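# turn this into a structure:
(2 chains)
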2 protein chains.
Amino acid sequence: MASSRTHAAAEEGRGPGRGRKPQAGEAVLDRGFRLLHSFDPDHRVQSLSSLTRRTGMPRSSVLRLARKLVEIGALERLDDGNYVIGLRLLELASLAPRGHGLRAEAMPYMEDLFYVTRQHVLLAVRDGDEAMLVERLSAHAATPVRFRVGGRMPLVATGVGLVLLAHAPVDVQEQMLRDFTPREDEALVQLDSTAELRRALAEVRRGGYAVAQRTGPGGLSTVAAPVFDEGGVVAALSIVVPSTEFTPGAYVTAVRTGARAISRQLGSNG
Amino acid sequence: MASSRTHAAAEEGRGPGRGRKPQAGEAVLDRGFRLLHSFDPDHRVQSLSSLTRRTGMPRSSVLRLARKLVEIGALERLDDGNYVIGLRLLELASLAPRGHGLRAEAMPYMEDLFYVTRQHVLLAVRDGDEAMLVERLSAHAATPVRFRVGGRMPLVATGVGLVLLAHAPVDVQEQMLRDFTPREDEALVQLDSTAELRRALAEVRRGGYAVAQRTGPGGLSTVAAPVFDEGGVVAALSIVVPSTEFTPGAYVTAVRTGARAISRQLGSNG
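Residues are numbered from 1 along each chain as shown, chains lettered A, B, ... in the order given. Have a look, this model is predicted:
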């Protein structure tokens, strides 16, 4: 498993004297990925018009780029002429150490947790100031959660996010504390103030896990724990349970045990 | 769920009079993806030198492209300067209807099958003349299989592949029959002749499933069944079991039932 501490994208461009000569052609990569990024969960199938509208690029450019991306396999074109993200990207994404690589190591332990509890079992990594879901196991009957594989959530909104934030570099934590405003949505974790967030992060570091409970109809509760490799925290494992069935004791033990098992698999000596 | 019948990449370039003007910049997209495709399961972490060697592109171009791809998030750069595939590609790949979209629908039923059997449970789709694995659930103790998520196998080498081939367009089948040579590797499915392949495909269509058994030490057996949406076969579901524990009756029923449940979920009316 590769180290997962990476340079943030923004750092790459910085620094004088790198001798970088931007070339006109490189802008095509930007445009190609801008076109790919115009797909989202609400736009999984797009017409040429939709692509044109959502990218703001000229229709002729969009058509050329889309054809090229189909040729490469990054897009697929359906019989009705619409475009979808192609399988070739799944093939590439499966090689991301922080995605499928991590997932492959974690999966058997996630299966165990799922087998025993039949609740949602989640694995997430930090990407900047967001948590990205790498894997989720869910039973038919489980209360739906909004967090999907490949999706992102603010770090302060979920149990896995709190765990990842508690172990993030100091500058990321300070930024989040500075920018914190109480959320008014359905997020699983609800904190009322910066002081409360600060306290929550300290508790995660001290106790080794995060717990959040929402009461009321359809209320969900979660326990999350950090996953380590030899260099530090690389992911967070959690379980999401209807609050009416939530007994912290049992779930805290189960999640912490699972997270330790995955960490050992990743080369952490605890 | 979008229709999954797509134009093959090769078809895109065909046909005169499309008025396509290739532009110099588009070659950069090719080069960018050539760089991304130089990653594979044996090369998940690459240095600049490795990228240069494996792409055959000038080192200066590779450096420029790699920086651009890091900026976009398609690559991540580790502290030691090496490159890995980035999380951003997982985010994009999660939107592929034939990948994660299909997987999301199928997962609860795959979980059921896994829960009951504790054997490998596989879901694959056809991409040209190969089967691509979209999901695999595996217990700790399961005999290892070589087929990984995002990986590809020849259609004639696996149970899911045979099912997908049996329901592929006639020209794909004819091509495979024409090109068939007996495999000399460890593939799960071993056929000795074109006649045997033809017979196997007919049996899959008639019976509604494929069975393959390999005896000997570490021998594995498989049952695979087709998954339909409203338009036809979109995937194949299978289970892979040590041959010593294989009882066709029970597994055939389980896999076929699971495949029907997923099909219903995808809008097939059976």
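
# check contacts around the residue in the stretch 101-250 of chain A positioned nearest to chain B.
Taking CB to the nearest CB as the measure, the stretch 101-250 of chain A has A:G150 as its residue closest to chain B, at 2.4 Å. C-betas here are computed from N, CA, C, even on glycine. A:G150 makes contact with A:132-133, B:90-95, B:100, according to CB atoms under 8 Å, 6 or more residues apart in numbering or on different chains.

# narrow those residues to those in helices?
Counting by DSSP state H, the contacts of A:G150 place B:90-93 in helices.

# in ChimeraX, how would I select the buried members of these?
In ChimeraX syntax, the buried subset of the ones in helices among the contacts of A:G150 is picked out as below (16 or more other CB atoms under 10 Å in any protein chain shown):
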select /B:90,91,92,93
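
# could you dump the ones in helices among the contacts of A:G150 to a markdown table with distance to B:A106 and pLDDT?
Output for the ones in helices among the contacts of A:G150, formatted as a markdown table (distance: CB to CB, whole Å; pLDDT from 0 to 100):
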| residue | distance to B:A106 | pLDDT |
| --- | --- | --- |
| B:L90 | 19 | 89 |
| B:E91 | 20 | 89 |
| B:L92 | 20 | 92 |
| B:A93 | 16 | 90 |
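
# let me have the contacts of A:G150 in TSV, extended by distance to A:L123.
Shown next, in TSV, are the contacts of A:G150 (distance: CB to CB, whole Å):
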residue	distance to A:L123
A:M132	10
A:L133	7
B:L90	12
B:E91	15
B:L92	19
B:A93	16
B:S94	14
B:L95	19
B:H100	15
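
# closest one of those residues to A:D112?
A:L133 (19.1 Å; CB to CB).

# do I have it right that that closest one meets A:V149?
Yes: under the criterion of CB atoms under 8 Å, A:L133 makes contact with A:V149 at 5.4 Å.

# what's the helix ranked longest in chain A packed up against?
Counting by DSSP H, the longest helix found in chain A is helix A:248-265. Contact here means 3 or more CB pairs under 8 Å, 6 or more residues apart in numbering or on different chains; DSSP states H and E; on that basis helix A:248-265 packs against helix A:102-117, strand A:220-229, strand A:232-242.

# dump those to a markdown table, plus mean neighbour count and mean pLDDT.
Supplementary listing: those in a markdown table, determined by neighbours: other CB atoms under 10 Å in any protein chain shown; pLDDT from 0 to 100:
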| stretch | mean neighbour count | mean pLDDT |
| --- | --- | --- |
| helix A:102-117 | 20 | 88 |
| strand A:220-229 | 25 | 95 |
| strand A:232-242 | 25 | 95 |
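
# can you list the ones you listed in a markdown table and add distance to chain B?
Below are the helices and strands packed on helix A:248-265 laid out as a markdown table (distance: least, CB to the nearest CB, whole Å):
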| stretch | distance to chain B |
| --- | --- |
| helix A:102-117 | 5 |
| strand A:220-229 | 12 |
| strand A:232-242 | 11 |
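
# now these as CSV including distance to A:T52?
Formatted as CSV, those follow (distance: least, CB to CB, whole Å):
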stretch, distance to A:T52
helix A:102-117, 35
strand A:220-229, 40
strand A:232-242, 38
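
# circling back to that earlier point, run the chain-centre distance for the longest helix of chain A.
How far helix A:248-265 lies from its chain's middle: 20 Å, per CA atoms, centre = their mean, to the nearest Å.

# closest to A:V84 out of the contacts of A:G150?
Taking CB to CB as the measure, A:V84 lies nearest B:L95 of the contacts of A:G150, at 7.8 Å.

# and the residue of the stretch 101-250 of chain A closest to chain B, helix, strand or coil?
coil (DSSP: H, G, I helix; E, B strand; the rest coil).

# if I look at A:E196, how far off is B:I85?
A:E196 sits 37 Å away from B:I85, going by CB to CB, to the nearest Å.

# what about those two, which has more around it?
B:I85 (26 against 13; other CB atoms under 10 Å in any protein chain shown).

# that one against A:A96, yeah?
Yes: here B:I85 reaches A:A96: they are 4.1 Å apart, a contact under CB under 8 Å.

# please enumerate the shared neighbours of the two.
Each of B:E76 lies in contact with both B:I85 and A:A96 under the rule CB under 8 Å, 6+ apart.

# tell me who's in contact with A:S138.
A:S138 makes contact with A:120-121, A:145, B:107-108, B:111 under the criterion CB under 8 Å, 6+ apart.
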